[in-house]
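> Below is the sequence, then the predicted model.
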Amino acid sequence: MVKEALDVHMESRRLVVRYGTRLGVGVGGGVSLPLYRRRITALIGPSGCGKTTFLRALNRMHDLTPSARVEGEVLLDGENIYAPGVDPVLVRRRVGMVFQKPTAFPTLSIYDNVAAGLKLVGIRDRKRLDEAVERALKAAALWEEVKDRLRAPASGLSGGQQQRLTIARALAVEPEVLLMDEPTASLDPISTQAIEDLLLTLKEQVTLVIVTHNMQQAARVSDYTAFFLNGEMVEFGPTETLFTKPQDPRTEAYITGRFG
Amino acid sequence: MSRERDLALRRRYWVERLMLALVALGTLLAFLVLFLVLAYALFQGAGALNLDFFLKDMRPPGEAGGGLRQAIVGTLLVDGLGLLLALPFGLAAGILLAEYPDHPLNPYLRLLSDTLNGMPAILFGLLAFILVVKPMGGFSGLSGAFALGFLMIPILARSTEGVLSLVPKEVREAGLALGLPRWRVILSLVLPTARAGLITGILLAFARAAGEAAPLLFTAFGSPLLELNPLKPMDTLPLRLFAFAISPYEDWHQKAWAAGLVLFGFITLTSLLARWASRRRF
Amino acid sequence: MKRLYTHFGDRVFALVLLLLALGVVALALLMAYELYRGGSLALGRFGLLGFALGREWDPALEKAFGAWPYILGTLIVSLSALSLSFFPALAAAIFAAEYAPRWLAQILNFLLDLMAAVPSVVYGLWGIFVLAPWLRDKLQLPLYLWAAEHAPGLLPLLGVPTGYGLMTAILILASMIVPYTAALARDAIALVPREHREAAYALGATRWEVMRLAILPLARGGILAGAFLALARAVGETLAVTMVIGNSHKLPYTLFGGAATMPSVIANEFTEAVEDLHLSALIAVGFLLFLVSMAVNFTAAYVLRRQERLVKGVL
């Protein structure tokens, strides 16, 4: 098998996350995982296995939880985002996140939703905002459907559209990495399909990490997969390899549906 | 990071710090008066808080000493009587709202109950004056009890509904599954389960009414003497506090502060009790 | 529903419950009716509008009863108190809900409960012996003297600096109604779903920006409802206001000078009113107070219900 010359965009080194005394993820010496540039990495595993906990460590979302403690390192282009003095606000500009529930800001218009992140940074120039909004909506495959009603309230959109709106909003600030926490879990099959297609085009610009409880989705969409179980990262590898020739018996058990 | 981003970021953090300062300042302002009132009550009134305060009645103006026993006893009597008057109606309304959620009366009941809850207390006094004082021909502790009772009915209704709706539906279902009729389920299962919350609600209503003076100005009216007959005018602590506060006598002023301290202590106690009781899970 | 209560006991129980619960309805209706009836002598004599807008209140000589000074006084005092208290209350709510650590938030919430439970007379006591003299000596008198020298045109606006007047009443009332706005605002903020907060943080927002972007817009309704509730309380507050407002019937009101509100005139004059017309006029003021209170309460309830539905839609 030909080894590609791969570029590691982000990686975790011996990452452990604790909630008080409880271990969220990092059993067995912590999670060490590479995330390759402009590839899609899927994190799979049964409920409560720690995959979401791991994901949220990648953009310092655990800073918001008082009882959470993070040990180990997360490197973004070689620099540890948990190093003292690093501003989480800046980290989150480079590493964006999309959540399971579509969280369009309901009181804002579609345009203002997408522009929200840009306005935060201080970009006020109308032309720049217009261009960025259009670019983001196109990248999120939503432009055609909303281009005539950009000023309409975002609450009028369907679930699938709102999720694509949140993706557009996250993309508008041009992050290098986009983390997605079960992005299609609350959506119907058609919207799910639309988003999966979207992901395949998105990866040309952005490194994607997606948590999913849907194995088939991981198999369809991702280049690399990591399997988590009970707070431990059990196995990591190219998706095809992990699904056809899993190394760890636990991985095999999960893949073949014996639990989860 | 481009320079533009750098400047914007610094400005955002500056705004962040400003907002934190404003929020902290606003919070301090919000609580300032409470602390000042408590502090003054302690300094001015603690001196007059002795055993006599609770055991002796009031002395005529100019004479030092004495206490406010007649007011304290009066408060308990008028408030207690009012509570007895209010309980059947308030509890029933609360039970109806919580246990019979589809009843057609409910939306109106809830609306009127909420509205009555926000009514100025003095209006309850006016109503009691018209309904009780006028026919009786004079002020009385009883009319004061009515005024306070009117005040407490919507409070009891709302707190009862709140507490009962927290009782898990499994409790009711278990009773019904045993073949108990609805009224037995409510009286023998639901109400006892919610007992702590119900008592807390009653206590809070009692405490709230105990602090009211406006509805009693022209019903119970107040009295310098210990009065146990509800058909005569009676004194309560808030009424006496008011009368002493606007009087010209230093000794009475100090007693007013002491009365304020007692009231403060009472409501602090009931508030703490309510918090502790609501921590219990079913 | 009828089928469920086939058991005889159930029928009796439900009936008793209904009759007792109707007591609440009866109370509200009785209040409206009796207040109107009690005030009808005065209202009939002056007409509803004539009574409400009449500026002369003279039980002794003229026997004219116009409630406008008290309506105006109530409006000025309540609305000013609300404006003054709104931002500190909102700040306290934001602080308790977002910035404060858990243990501090619990203490603050308890203090808010306490503030709402302190009896009006106690605030009034503090107002008479602490606030009024302090305001008079530290603020009003110096300002008055300054104006007498440098801006005599301002004097009629300021009025006589006794310490007992509009200013003191507004300040005391503002402190008293803070907990109503604060508690509802805090609840509304706490109810905003976690995902919205997190989405804003994930965008690289600072704490305040998350407030501004995600939380406050969603909590708007609850905050507004809190403000209306506070207004309702302010309108009905009797003792504390009566004790510090100086009780003047004469318009126009000045900033330092005495004033009166609907509850305060009732509290002051009711036990002294011997004539039927005077008594009826006071009850009529009570009726007007009832109407105003109803209006504000209904608005508060409406806003709160709309807010609940909005949040449910988002959830």
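Alright, I've got the coordinates. Residues are numbered from 1 along each chain as shown, chains lettered A, B, ... in the order given.

> which residues of the stretch 101-250 of chain C fall in helices?
Secondary structure of the stretch 101-250 of chain C (DSSP state H, counting those that start in this stretch): helices located at C:102-117, C:120-126, C:132-135, C:141-150, C:155-158, C:166-191, C:194-202, C:207-210, C:216-236, C:239-244.

> which residues touch the fifth one?
The reference is to helix C:155-158. Here helix C:155-158 makes contact (Cβ atoms under 8 Å, 6 or more residues apart in numbering or on different chains) with C:Gln140, C:Leu143, C:Tyr144, C:Ala147, C:Ala148, C:Thr254, C:Leu255, C:Phe256, C:Gly257. All C-beta spots, glycine's among them, are computed from the backbone N, C-alpha and C.

> weakest of the helices of the stretch 101-250 of chain C by average pLDDT?
Mean pLDDT per stretch puts helix C:155-158 lowest among the helices of the stretch 101-250 of chain C, at a mean of 82.

> quick revisit: now the contacts of helix C:155-158 in JSON lines, with distance to chain A?
As requested, these are exported to JSON lines (distance: Cβ to the nearest Cβ, whole Å):
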{"residue": "C:Gln140", "distance to chain A": "44"}
{"residue": "C:Leu143", "distance to chain A": "43"}
{"residue": "C:Tyr144", "distance to chain A": "47"}
{"residue": "C:Ala147", "distance to chain A": "45"}
{"residue": "C:Ala148", "distance to chain A": "50"}
{"residue": "C:Thr254", "distance to chain A": "42"}
{"residue": "C:Leu255", "distance to chain A": "39"}
{"residue": "C:Phe256", "distance to chain A": "43"}
{"residue": "C:Gly257", "distance to chain A": "44"}
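
> now those residues as TSV including neighbour count?
Formatted as TSV, the contacts of helix C:155-158 follow (neighbours: other Cβ atoms under 10 Å in any protein chain shown):
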residue	neighbour count
C:Gln140	24
C:Leu143	16
C:Tyr144	18
C:Ala147	16
C:Ala148	12
C:Thr254	19
C:Leu255	16
C:Phe256	25
C:Gly257	22
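
> Kindly indicate which of those residues lies nearest B:Leu189.
C:Leu255 (60.2 Å; Cβ to Cβ).

> Would you agree C:Ser198 is in contact with A:His62?
No Ser there; residue C:198 is Glu. No - in this structure, C:Glu198 is not within contact of A:His62 by Cβ atoms under 8 Å, at 11.2 Å.

> Distance to B:Ser188 added to the helices of the stretch 101-250 of chain C, as JSON lines?
Compiled in JSON lines, the helices of the stretch 101-250 of chain C are given as follows (distance: least, Cβ to Cβ, whole Å):
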{"stretch": "helix C:102-117", "distance to B:Ser188": "33"}
{"stretch": "helix C:120-126", "distance to B:Ser188": "41"}
{"stretch": "helix C:132-135", "distance to B:Ser188": "56"}
{"stretch": "helix C:141-150", "distance to B:Ser188": "67"}
{"stretch": "helix C:155-158", "distance to B:Ser188": "67"}
{"stretch": "helix C:166-191", "distance to B:Ser188": "34"}
{"stretch": "helix C:194-202", "distance to B:Ser188": "40"}
{"stretch": "helix C:207-210", "distance to B:Ser188": "49"}
{"stretch": "helix C:216-236", "distance to B:Ser188": "37"}
{"stretch": "helix C:239-244", "distance to B:Ser188": "43"}
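
> Tell me how far the closest residue to B:Arg69 other than its chain neighbours lies from chain C.
The shortest distance from B:Arg69 to any non-neighbouring residue, by Cβ to Cβ, 6 or more residues apart in numbering or on different chains, is to B:Asp57 (5.1 Å). Look at B:Asp57 and chain C: by Cβ to the nearest Cβ, to the nearest Å, they are 20 Å apart.

> At the geometric centre of chain C, which residue sits there?
When chain C is reduced to its mean C-alpha position, the nearest residue by Cα atoms, centre = their mean turns out to be C:Ala234, at 1.7 Å.

> so it makes contact with C:Leu75?
No - C:Ala234 lies out of contact with C:Leu75 (Cβ under 8 Å); the separation is 10.2 Å.

> Low-confidence ranges, the stretch 1-150 of chain B, go.
B:1-5 (pLDDT under 70).
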